[in-house]
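Participant: below are the sequence and a predicted model for it; my questions follow.
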Amino acid sequence: MSDDYCLRMERVSKTFSGVPALTNVDFRVKKGEVAALVGENGAGKSTLMKILSGVYKYGEYGGGIFINGGEAKFSSPSDAENAGVSMIYQELSPFLDMSIAENIYMGNYPTNFGGVHWAKLYDMSKKLLETLGLDYDVKMTLRRLGASQQQLVSIARALARDSAILVFDEPTSSLTNSETRNLFGIIKNLRDSGKSVVYISHKLDEIFAVADRINVLRDGENAGEFETGRCEAKDIIKSMIGRDISQMYPVNKAKKGAVVMEVKNLTVGHPYVPDKKLIDGIDFSVREGEILGLVGLVGSGRTEILNSIFGSHKGNHSHELILEGKKTEIKNPYEARNARMALITENRRFNGIVGIMGIDTNITLPYLKSVQRSFVIDKRKEAGTAAKYVEELRIKCSSVKMRLEYLSGGNQQKVVFSKWLNTSPRILLMDEPTRGVDVGSKVEIYEIMNKLAESGIAIVWASSEMPEILAVSDRILVLYGGTIKGQFSRGEADQEKILALASGVN
Amino acid sequence: MEQREFVTKAKKIFVEYNTYIIFVLLFIICSVLSDQFFTEMNIRNILLQRAAPVCAAIGMLFVILTGGIDLSVGSVMAFAASLSAICVTSHGWHFIPALAAGVVSGAVFGTLTGVLVAYANMQGFVASLAVMTIARGAAFMITNGTPIKLARGTLNILVDRAYFFPIVIISVILIIIFILIQNYTSYGRLVIAIGSNSMAVELAGIRVKRYVLSVYMLSGALSALGGVFIAARASTGSATIGSGQELEAIAACVIGGASLAGGRGIVFRTVIGVMVLALIGNIMNLMAIPSYPQDVIKGIIIILAVLMQLFTGKSEKNV
């Protein structure tokens, strides 16, 4: 084996409580090369990088990491840093209230007489930033810099530690186009000066612009390796997907009725970059009995769209909402519920369920009136309501009083469905409803969706799992760069076409 | 095997009823230590004395259930007591409207705290700390710092034996009402839910802020009522009463098994928590222990009671 590879990860495997996340993955980077790591959400990219950066300690994974031919056994992220592996995360800004210089040389200050040699520190920082073509006041606090500038400081920090291997994890998610081009220039300079760069991204256009070699991961395994000059986007996409849609997905047979909801000119500000828009004026509508899917990569604004409609998005946003032909303003979830909307959130444990309360009390929570007589909760009626949903949606439990925290993910999600069904909604918004749910429950959830559509409910949902959103939705909208890049009816588009659109490849 | 089953069962009973068990044990210990303890006069004294802390503790419990805290309790008591006394003495009001004025003033202070917490996103600790200072200062302002003596036949009717000790009766009625509110109304349900996961409750279309505001208002009103009770017992309205009452109320909630993180706590057990503190204070008085060591001993007993809660709470999962 030739050792012009500065980094070799060989036969790396990792399981989480019995579920394999990585299986015998090989990954190599040469000196003076940019190697891209791509794959769908959940393909194992971040797990692999957490192993490389020492987050998962030596011994917690199978296989080995070799740096310049010698095996590296990291037991902490600082071990990895000392061995020359630096991670540049998207929002890595560790000490916002310290100066740029302090951040760059954190833990490594030049000293004289036992104290920090400030003049030398500032001088060294300034020179280092100059090599990146930056001219900042190094005494300024990091907080005063924008997200992209902070990211450049973290690159400087990696250079200060003389790291040979730099890992960029989705570095452009909060950058504008010109900042992105600037970053690519810096990355190429780093490569030409002999550094090894690992570049992780969903965005294929970026990968083609910056990488020399592309490694594809799929379901925790190596799925292909390509030289940038000798392949096309569609080869990469094919290798990223590579699986069939089986009979797992029941088809929605509901008759489509009138338009229930129309969203116009929906705009959402970017959470970190004040003058950038995450979603830039999109329009769409959904009909009775229709299942509308929102497709987009992480950070494409799916969650923000759903929360804006429901009145629960905290950041800047604006849109016009027309419900059943009537212009309606929804400022908070209370008004949304009264307008007969429902939202199933992305993070169930965090904001979907009340873990220490029972199935019955969770189900009646959004609409206690349904089991109330004047001011008093009719507990028998409440138990009856809960029992009805437990039976209808086949929630597995020992009693309706069972606490939600003791239920499995799939059953918790069914309780979340139940609580909204009890409000008899007209519009159901769902964000990743099958996340953390076992395969069997997933199918049940698709069936529930179809049943709801048949009863005339309009569904708008988002999912990162391409196969499911393509198969279950009647219509899908593809999001990229804040706008709708394409719209397809069921069967009109294949995964390749959509993934290409969603990755910004035209 | 049978023995082990018995142990688990005993454990379960202990976990479920630990507050009550602590209370009963204390009661027995008190009866043994002093023959003046279990007398009609002493029990009556305890009940009259604890009417005010019971009110404050119930209000505090609702605040704690939402995950907040109200430090203004003692000061609000002082303001309400002073205000009611002034209404009676200087303006010649009947004692009932005077009492109502006191309670309303407490609700106003509570609303102030509540608005700061719910709508200005201030922490309950900080907001109520500020209101605590304001209320105490205001109490001194309206009384000019001098205690206001109440004439016979006014507020002291509230502690009159001839009327069956109204403050005790009112407290018992309030306890029953709040037990019902907690168990059978959507208000009680939502307050607990907000303390467990306010994000989930808000996304379920509940106007969480209103509920958060309301618990502080409730705590203010109930504390004020307690303040007027204290004035009635002492026949004096003074700006110095109620100091340390907020901590007693918090201690009662915690001894009653409430979690300061919110979402856990029961009205009746909180009342028993108040009574546990009452017994500790009472028996030390009967045994003529000087007041400084009393505080030290009380603090230690609170620690022990809460530790017991924590240990049994931990084993809850194993039962």
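Facilitator: Right, received. Where do you want to start?
Participant: need the contact list for the residue of the stretch 201-350 of chain A found nearest chain B.
Facilitator: Closest approach between the stretch 201-350 of chain A and chain B, counting by Cβ to the nearest Cβ: A:Arg337, at 2.8 Å. Where C-beta positions appear, they are placed from N, C-alpha and C, glycine not excepted. Residues in contact with A:Arg337, defined by Cβ atoms under 8 Å, 6 or more residues apart in numbering or on different chains, are A:Pro366, A:Tyr367, A:Thr423, B:Ala204, B:Gly205.
Participant: contact residues of chain A facing chain B?
Facilitator: Counting by Cβ under 8 Å from any Cβ of the partner chain, chain A comes close to chain B at A:310, A:312, A:332-334, A:336-338, A:343, A:345, A:350-357, A:361, A:365-369, A:372, A:375-377, A:379, A:419, A:423.
Participant: hey, which helix or strand in the chain has the poorest pLDDT?
Facilitator: Just going to use chain A. helix A:233-241 (a mean of 79; mean pLDDT, DSSP states H and E).
Participant: got a list of contacts for that one?
Facilitator: Under Cβ under 8 Å, 6+ apart, the answer for helix A:233-241 is A:38-40, A:43, A:204, A:207-208, A:214, A:216, A:218, A:223-224, A:226, A:466, A:495-496, A:499-500, A:503, A:505.
Participant: buried stuff in it?
Facilitator: Burial within helix A:233-241, assessed by neighbour count using 16 or more other Cβ atoms under 10 Å in any protein chain shown, is assigned to A:Ala233, A:Ile236, A:Ile237, A:Lys238, A:Ser239, A:Met240, A:Ile241.
Participant: and the strand or helix carrying B:Asn197 with chain A, contact?
Facilitator: Under the criterion of DSSP states H and E, B:Asn197 resides in helix B:186-203. Yes: applying Cβ under 8 Å from any Cβ, one finds helix B:186-203 in contact with chain A at B:Ser186, B:Arg189, B:Leu190, B:Ile192, B:Ala193, B:Ser196, B:Asn197, B:Met199, B:Ala200, B:Val201, B:Glu202, B:Leu203.
Participant: for the record, mean pLDDT for the helix or strand harbouring A:Ile305?
Facilitator: Taking DSSP H and E as the criterion, A:Ile305 maps to helix A:302-310. Averaged over helix A:302-310, pLDDT sits at 94.
Participant: neighbouring contacts of the helix or strand following that helix?
Facilitator: Sequence order places strand A:317-323 as the next helix or strand after helix A:302-310, per DSSP H and E. By Cβ under 8 Å, 6+ apart, the residues outside strand A:317-323 that reach it are A:260-269, A:279, A:304, A:308-309, A:327-330, A:339, A:426-427.
Participant: would you mind giving the contacts of A:Arg337 as JSON lines with secondary structure, neighbour count and distance to A:Ala119 added?
Facilitator: As requested, these are exported to JSON lines (DSSP: H, G, I helix; E, B strand; the rest coil; neighbours: other Cβ atoms under 10 Å in any protein chain shown; distance: Cβ to Cβ, whole Å):
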{"residue": "A:Pro366", "secondary structure": "helix", "neighbour count": "23", "distance to A:Ala119": "62"}
{"residue": "A:Tyr367", "secondary structure": "helix", "neighbour count": "21", "distance to A:Ala119": "67"}
{"residue": "A:Thr423", "secondary structure": "coil", "neighbour count": "20", "distance to A:Ala119": "66"}
{"residue": "B:Ala204", "secondary structure": "coil", "neighbour count": "29", "distance to A:Ala119": "58"}
{"residue": "B:Gly205", "secondary structure": "coil", "neighbour count": "25", "distance to A:Ala119": "60"}
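Participant: returning to what we had before: what is whichever helix or strand comes after the least confident helix or strand of chain A packed up against?
Facilitator: Next in sequence after helix A:233-241, counting helices and strands by DSSP H and E, comes strand A:259-269. Applying 3 or more Cβ pairs under 8 Å, 6 or more residues apart in numbering or on different chains; DSSP states H and E, one finds that strand A:259-269 contacts strand A:277-287, helix A:302-310, strand A:317-323, strand A:458-462.
Participant: so the very next helix or strand once past the first one versus strand A:259-269, what angle?
Facilitator: Using DSSP H and E, the helix or strand that directly follows strand A:277-287 along the chain is strand A:291-295. What separates the directions of strand A:291-295 and strand A:259-269 is an angle of 20 degrees, with axes from the mean of the first three to the mean of the last three Cα atoms, to 10 degrees.
Participant: list the buried ones in the strand or helix carrying the residue of the stretch 201-350 of chain A closest to chain B?
Facilitator: Following DSSP H and E, one finds A:Arg337 within helix A:333-338. Neighbour counts over helix A:333-338 (16+ other Cβ under 10 Å) mark A:Pro333, A:Tyr334, A:Glu335, A:Ala336, A:Arg337 as buried.
Participant: got the contact list for the first one?
Facilitator: Residues in contact with A:Pro333 (Cβ under 8 Å, 6+ apart) are A:Phe310, A:Gly311, A:Ser312, A:Leu343, B:Glu202, B:Leu203, B:Ala204, B:Gly205, B:Ile206.
Participant: what do you get if the cut-off is 7 Å, keeping everything else the same?
Facilitator: For A:Pro333, the contacting residues are A:Phe310, A:Gly311, A:Ser312, B:Glu202, B:Leu203, B:Gly205, by Cβ atoms under 7 Å, 6 or more residues apart in numbering or on different chains.
Participant: buried only: go through these for me.
Facilitator: Using 16+ other Cβ under 10 Å, the buried ones in these are A:Phe310, A:Gly311, A:Ser312, B:Glu202, B:Leu203, B:Gly205.
Participant: is it true that the first one touches A:Ala342?
Facilitator: No: proximity of A:Phe310 to A:Ala342 does not meet the contact threshold set by Cβ atoms under 7 Å, at 8.4 Å.
Participant: need the overlap of contacts for those two.
Facilitator: A:Leu429.
Participant: can you show me the helices along the stretch 151-300 of chain B?
Facilitator: Remark: helices assigned in the stretch 151-300 of chain B by DSSP state H, counting those that start in this stretch are B:166-184, B:186-203, B:208-234, B:245-255, B:267-286, B:291-315.
Participant: which of those helices sits most buried?
Facilitator: helix B:208-234 (a mean of 27; mean count of other Cβ atoms under 10 Å in any protein chain shown).
Participant: related to what we said a few turns ago, pull out the buried members of the contacts of strand A:317-323.
Facilitator: A:260-263, A:266-269, A:279, A:304, A:308-309, A:330, A:339, A:426-427.
Participant: out of those residues, which one sits closest to A:Gly115?
Facilitator: A:Gly269 (44.2 Å; Cβ to Cβ).
Participant: quick check: that closest one vs B:Gly205, distance?
Facilitator: 24 Å (Cβ to Cβ, to the nearest Å).
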